[in-house]
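[1] Compute the structure for the input listed below.
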Amino acid sequence: LHRSYSGSLWSSAGGDYQLTPSAEEGYGLTPETLVFGSTSGLRQDVKAWVNNPASNHGWILRGNETLAFSARRIFARESTGFDVPLLTVNYSIPNPSDSLELTQIATGLSNPVAIANANDGSGRLFIVEQTGSIRIFDTQSQTLLATPYLDISGIIDVSGPEQGLLGLAFHPDFVNNRQFYVYYIRDPGPGLDRSVVAMYQQHAVTPNVAVTPGTTVLEFEQDAANHNGGDLHFGADGYLYIASGDGGGANDIHNNAQNINSLKGKMLRIDVDGSPPIGGELCGIVKNYGIPAGNAFPGGGNGCDEVLHLGLRNPWKFSFDALSEEMYIGDVGQGEWEEVDYAAPGASGLNFGWPCREGAHPFRNDVTCPNAVEPIIEYSSGPATNERSITGGYVYRGAGTHLSGYYVYGDYWSDRIWLARQVNGVWNSTEWVAAAGILSSLTAFGQDQQCELYVADLDAGKVFRIDDDEMVQRSGFEALRCQ
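    Take a look at the predicted model:
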């Protein structure tokens, strides 16, 4: 067991019963789901309550908040009518990875690099192939459809290992406008590369096929074939967030990450439903978008209006917590440190410190990085550890009881997966040891509409689902933004 907790059951004047967590011991991570021990009868009663949507309204019993037991008087020895502890129980949480399994759902893919869902109730998973296609996996029939949803292999540049079709995001109003957005690299001429964000539309009559050609929304120059970023997500604010690498080479040789007049090495945010502002400073070559209020450098004259955050090297996968809307960014290091960066909802102008720092460690002293923030998680990388490239993940908000609330991330080279939680301001990661023996090149995590997690394996051409051996029937996930 990793950790143990104790709590007391209380009776309130209203007749409800509450379990209030008290001291925590051992490893020190707050659980999302309590598994009661010590008294077998009590454990069964509580587990029955947790799994009974009629009594708990579909919510999982959580350890970081106080929940009423809705007159479950079986726990009380008497009704006191005022607040007194009636019963003290001990409960413990095992290593969550002991209860997890990777289940293969699809194979025969060509370099899968992203997984998304349209939040349209269709049960479809959309798998991005770096070589230029988007494939559909139907979770209801458990079938990988043979015909691509989109095939733009003829217009992308895949000459480098970090190029190609890299990102996918569905418009928040997709069920009505059928719009989705992709990020890819194209070659406009010898020695040139450009990052492109383009909008496509699902066919109005044939839903498993998209209409081509698309419409370019944003385009900007790249300096080299690597460090392109490429991940896309819509936030709860309805705006499109775009992860952009520092332009490639090594050591931020082009000095882009701290250059506020460059779109590279940044987290960008644009309004795909808006129009270019009058008097703004838009830095795209193609700029068919508006600028949300609250970006880091609005109004023109003091930096690119598209920039929300800066100081990134090669952000390879970011995500929003479907419950809290907190942002987590996996940023690939130069050679010694991989990191996870964090942005609270509504944050703007955060400087994640590259290239002044790699992780939390000094790197270049000839560059200034004003007000740089530290990563929340880092781990050493390089040949000695076989860790070389972080793959950012998601905070799990699915129905599995053991994984609930953990941030799940991994490493492309070693195929290791870690589960991380924060307690008292400190992040701790636990390795899921079995995962590395199954995967061969961990390129992406993704979510379905029920917030269940999936893993893409680039070299093997496979996608796996992360399964928990104890799932709780629940309601309320429909309101979450599982994208």
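[2] what about Asn251, neighbour count?
    16 (other Cβ atoms under 10 Å). Any C-beta I mention is one placed from the backbone N, CA and C, and that applies to glycine too.
[3] mind checking how far it is from His227?
    Counting by Cβ to Cβ, to the nearest Å, the gap from Asn251 to His227 is 11 Å.
[4] beta partners of the one residue sitting closest to the centre of the chain?
    Centroid-nearest residue in the chain, with Cα atoms, centre = their mean: Ser319, separated by 2.8 Å. Note on Ser319: beta-bridge partners Tyr328, judged by DSSP bridges.
[5] measure the residue nearest to Gly330 when sequence neighbours are not counted to Gly410 for me?
    Excluding the flanking residues, the one nearest Gly330 by Cβ to Cβ, 6 or more residues apart in numbering is Gly392, at 2.4 Å. With the distance defined as Cβ to Cβ, Gly392 ends up 9 Å from Gly410.
[6] swap in Cys451?
    18 Å.
[7] List the contacts of His171.
    Asn177, Gln179, Phe180, Tyr181, Phe234, Val272 (Cβ atoms under 8 Å, 6 or more residues apart in numbering).
[8] what does Gly274 give?
    Tyr289, Gly290, Ile291, Pro292.
[9] re the thing from before, distance check, the residue nearest to Gly330 against His203.
    For Gly392 relative to His203 (Cβ to Cβ), the value is 32 Å.
[10] So for the two, which residue has more residues nearby?
    A direct count of neighbours by other Cβ under 10 Å for Gly392 and His203 places Gly392 higher, at 26 against 12.
[11] Show the backbone phi and psi for the nearest residue to Ala210 once chain neighbours are set aside.
    Once flanking residues are discounted, Ala210 sits nearest to Leu150: 4.3 Å by Cβ to Cβ, 6+ apart. Note on Leu150: backbone dihedrals following degrees, to the nearest 10 are phi -140, psi 140.
[12] Leu150 and Asp273, how far apart?
    21 Å.
[13] Neighbour count for the two, which is higher?
    Leu150 (24 against 15).
[14] so what's the more buried one up against?
    Ser133, Ile134, Val182, Tyr200, Ala210, Thr212.
[15] As CSV, those with pLDDT would be great.
    Listed next are the contacts of Leu150 as CSV, based on pLDDT from 0 to 100:
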residue, pLDDT
Ser133, 98
Ile134, 98
Val182, 98
Tyr200, 98
Ala210, 98
Thr212, 97
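[16] Give the ChimeraX command for selecting the buried subset of those.
    Remark: buried members of the contacts of Leu150, expressed as a ChimeraX selection using 16 or more other Cβ atoms under 10 Å:
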select :133,134,182,200,210
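[17] And the contacts of Leu150, which is closest to Ala372?
    Val182 (31.6 Å; Cβ to Cβ).
[18] So what does that closest one look like in phi/psi?
    Backbone phi and psi, for Val182 under degrees, to the nearest 10, turn out to be phi -130, psi 160.
[19] picking up where we left off before, the residue nearest to the centre of the chain contacts Thr391, correct?
    No: contact criterion Cβ atoms under 8 Å: Ser319 and Thr391 do not qualify, at 11.1 Å.
[20] Can you work out which residues contact both of the two?
    With Cβ under 8 Å, 6+ apart, Ser319 and Thr391 have common neighbours Phe445.
[21] which residues sit in contact with Val455?
    Val455 neighbours (Cβ under 8 Å, 6+ apart): 102, 410, 417, 435, 439, 442, 444-446, 463-466.
[22] Count the residues that sit near Ser429.
    Count around Ser429 with other Cβ under 10 Å applied: 16.
[23] And the buried ones among the contacts of Gly274, selectable in PyMOL?
    The buried subset of the contacts of Gly274, as determined by 16+ other Cβ under 10 Å, is captured in PyMOL by this line:
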select buried, resi 289+290+291+292
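[24] from the contacts of Val455, which ones fall inside strands?
    Leu102, Gly410, Ile417, Leu442, Ala444, Phe445, Gly446, Val463, Phe464, Arg465, Ile466 (DSSP state E).
[25] and the fourth one, how many neighbours does it have?
    Put plainly, it is Leu442. Neighbours of Leu442 (other Cβ under 10 Å): 28.
[26] mind listing what it touches?
    Thr391, Gly410, Asp411, Tyr412, Asp415, Ile417, Val455, Ala456, Asp457, Leu458 are the contacts of Leu442 under Cβ under 8 Å, 6+ apart.
[27] Give me the buried stretch members for whatever helix or strand Tyr454 lives in, please.
    Per DSSP states H and E: Tyr454 is located in strand 453-457. Across strand 453-457, burial judged by 16+ other Cβ under 10 Å covers Leu453, Tyr454, Val455, Ala456, Asp457.
[28] cool, and stretch 420-436?
    Counting neighbours by 16+ other Cβ under 10 Å, stretch 420-436 gives Ala420, Arg421, Trp427, Asn428, Ser429, Thr430, Trp432, Ala435, Ala436 as buried.
[29] Low-confidence regions, this protein specifically.
    In the predicted model, the chain carries pLDDT under 70 at residues 1-94, 473-479.
[30] which strand is the longest one in it?
    Every strand in the chain considered (DSSP E), the longest is strand 210-222.
[31] Can you show me the CA trace of that one as CSV?
    Backbone C-alpha positions of strand 210-222 (Å, rounded to 0.1, in the frame of the first residue of the first chain) are rendered in CSV as follows:
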residue,chain,number,x,y,z
ALA,A,210,-14.6,15.2,-44.2
VAL,A,211,-14.8,17.7,-47.1
THR,A,212,-11.7,18.9,-48.8
PRO,A,213,-10.0,21.3,-49.4
GLY,A,214,-9.8,23.0,-46.0
THR,A,215,-9.3,26.7,-45.2
THR,A,216,-6.0,27.9,-43.8
VAL,A,217,-6.5,29.8,-40.5
LEU,A,218,-3.0,30.4,-39.4
GLU,A,219,0.4,29.9,-41.1
PHE,A,220,3.9,30.8,-39.9
GLU,A,221,7.5,30.1,-40.9
GLN,A,222,9.6,27.4,-39.3
